[in-house]
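Chemist: build me a model from this:
(one chain, ligands or ions: 1)
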Amino acid sequence: MTTKIDPFTMARPELKNFRRIVVKVGSSLLIDSDAGEVRASWLAALAADLAKLHGEGRELLVVSSGSIALGRSRLKLPRGTLKLEESQAAAAVGQIALARIWSEVLGHHEIGAGQVLVTLQDTEERRRYLNARSTIAKLLEWRAVPVINENDTVATNEIRYGDNDRLAARVATMASADLLILLSDIDGLYDAPPGSNPDAKLVPIVESVTSEIEAMAGAAESELSRGGMHTKIEAAKIATTAGTHMLIASGKITHPLQAISDGGRCTWFLTPANPVTARKRWIAGSLEPKGTLTIDAGAVNALRAGKSLLPAGVIRVDGQFARGDAVVVRGPDTREVGRGLVAYDAEDAEKIKGRSSPDVMIILGTSGRAEMIHRDDLVIGPGGTFS
Ligand code: GLU
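Modeler: Okay, here's the model as predicted:
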């Protein structure tokens, strides 16, 4: 990008231009922490906003938190931090209530709600990912609204999202949504801490998530939401990398989506104009690459020119990966060049690194594929700007 656009004056996108929208609603918006109950009139107003967008022919998905908070109040658990098994059990109780609430508020507008509970593995393993994706696609085809949360009851500490910001971003990319809206307790990203700096300005548009933007997020932590601004920026990276626009807006007001349509305050995170294919979107957004291939300068150039990665260009293999796993590709300077699905497991990759294609046949004794990562399985893009 050569022209620098002033984020404070450039035209922002409009909600009416989006077809498939994911709306993430945080616990602190949905649940009144004193009463421990759902903020019914606020939710009814949000449901009316959703119904309006739905009535205009848009496809909607909701990522809703609140299972732990609701479960906690229904079980009358004392205040204070819950242990993992306690929050999992609380989520089991709360999720039933949460699903019912969504079913009722959307049902009021004659919109069906479908509960979808996902774990990290469901979005990271391609087979499960494709399965979840086709269920969501079917719900949308039937004009129902998938209401999604992490399956907190079975997720384990090491392998869970924990925050619904990143989960929502992954779901948005999985569903090929063109917009993700994070309703938050803060109306957007500020260029300085808004609480302590009276000159802090809301950044209306972020063209790409640079280190400068990440630094702003660190400074402007939001106090209530689980993830804070940091996980929202992580979500922005996942979403925009994969071809989904994202925005952060305040959910504290009634009719928060209508407010966005009316030009209310928010921060837009833009995705590059050319969304990548669904497969590449999945590769680019992979949260848990299983290994790293370090490649030589010639291979870096070849990859940037759109070629596949051949074993000859690989100088180092790290990690324990199986065939088909996502791996990070780094240049000789260790900078990330891209990500891809590797065609060999770690052991074979180690044997054939640096070798010519005829050698590979001899070493492995098979006529496997010549590429270490085929160009169709490769997403190139340093600094998070995959294309
Ligand atoms: N999945 C959690 C819940 O429903 C919420 C995670 C979050 O607050 O981001 O309670």
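Chemist: hmm, who's touching the helix or strand where residue 180 lies?
Modeler: Using DSSP states H and E, residue 180 maps to strand 179-184. With CB atoms under 8 Å, 6 or more residues apart in numbering as the test, strand 179-184 has contacts from 15, 18, 20-26, 29, 46, 165, 168-169, 172, 222, 225, 232, 235, 239, 244-251, 256-257, 260. In short, each C-beta sits where N, CA and C put it, glycine included.
Chemist: ok, and of the residues you listed, which contact the ligand?
Modeler: Under the cut-off given by CB under 6 Å from any ligand atom, the ligand has residue 26 from the contacts of strand 179-184 close to it.
Chemist: span of stretch 242-254 from start to end?
Modeler: 31 Å (CA to CA, to the nearest Å).
Chemist: same question, stretch 269-280
Modeler: Per CA to CA, stretch 269-280 runs 20 Å from first to last residue.
Chemist: same question for stretch 152-166.
Modeler: 15 Å.
Chemist: before we move on, what about stretch 137-154?
Modeler: For stretch 137-154, the end-to-end distance is 24 Å (CA to CA).
Chemist: buried residues of it, list them for me.
Modeler: 139-140, 144-153 (16 or more other CB atoms under 10 Å).
Chemist: what does the protein have sitting close to the ligand?
Modeler: Residues of the chain lying near the ligand (CB under 6 Å from any ligand atom): 26-27, 65-69, 91, 149-150, 152, 163-164, 226-227.
Chemist: take those residues and keep only those in helices.
Modeler: 27, 67-69, 91, 164 (DSSP state H).
Chemist: any idea which of the buried residues of stretch 137-154 is closest to residue 106?
Modeler: residue 145 (5.7 Å; CB to CB).
Chemist: hmm, that closest one is touching residue 109, no?
Modeler: No: counting by CB atoms under 8 Å, residue 145 does not reach residue 109; the two are 9.8 Å apart.
Chemist: give me the common contacts of those two.
Modeler: Between them, residue 145 and residue 109 share the contacting residues 50, 54, judged by CB under 8 Å, 6+ apart.
Chemist: and the helices in this protein, which stretches?
Modeler: Going by DSSP H, the chain shows helices at 27-30, 40-55, 67-74, 84-107, 120-124, 126-141, 164-174, 211-219, 228-241, 256-261, 278-284, 297-304, 346-352, 357-364.
Chemist: report all helices and strands that the last one contacts.
Modeler: If you count contacts as 3 or more CB pairs under 8 Å, 6 or more residues apart in numbering; DSSP states H and E, helix 357-364 packs onto helix 346-352.
Chemist: what mean pLDDT does stretch 337-352 get?
Modeler: Mean per-residue pLDDT for stretch 337-352: 92.
Chemist: hmm, I was thinking of stretch 365-383
Modeler: Rounded mean pLDDT across stretch 365-383 is 76.
Chemist: now stretch 64-84
Modeler: 91.
Chemist: can you give me the end-to-end span of that stretch?
Modeler: Termini of stretch 64-84 sit 20 Å apart (CA to CA).
Chemist: can you point out the buried residues in it?
Modeler: Buried residues in stretch 64-84, counted by 16+ other CB under 10 Å: 64-73, 77, 82.
Chemist: could you redo these as TSV and give each row distance to residue 105?
Modeler: What follows is the buried residues of stretch 64-84, written out as TSV (distance: CB to CB, whole Å):
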residue	distance to residue 105
64	11
65	15
66	13
67	16
68	20
69	17
70	14
71	19
72	21
73	18
77	25
82	27
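Chemist: now, which of the ones in helices among the residues of the chain next to the ligand sits nearest residue 212?
Modeler: Among these, and counting by CB to CB, the member closest to residue 212 is residue 164, at 26.0 Å.
Chemist: ignoring the adjacent residues along the chain, who's closest to that closest one?
Modeler: Spatial nearest neighbour of residue 164, excluding adjacent residues (CB to CB, 6 or more residues apart in numbering): residue 65 at 4.7 Å.
Chemist: dump the residue contacts of the one you found.
Modeler: Contacts of residue 65 (CB under 8 Å, 6+ apart): 24-27, 30, 149, 164, 226.
Chemist: and residue 22, how many residues sit next to it?
Modeler: Neighbours of residue 22 under the rule other CB atoms under 10 Å: 27.
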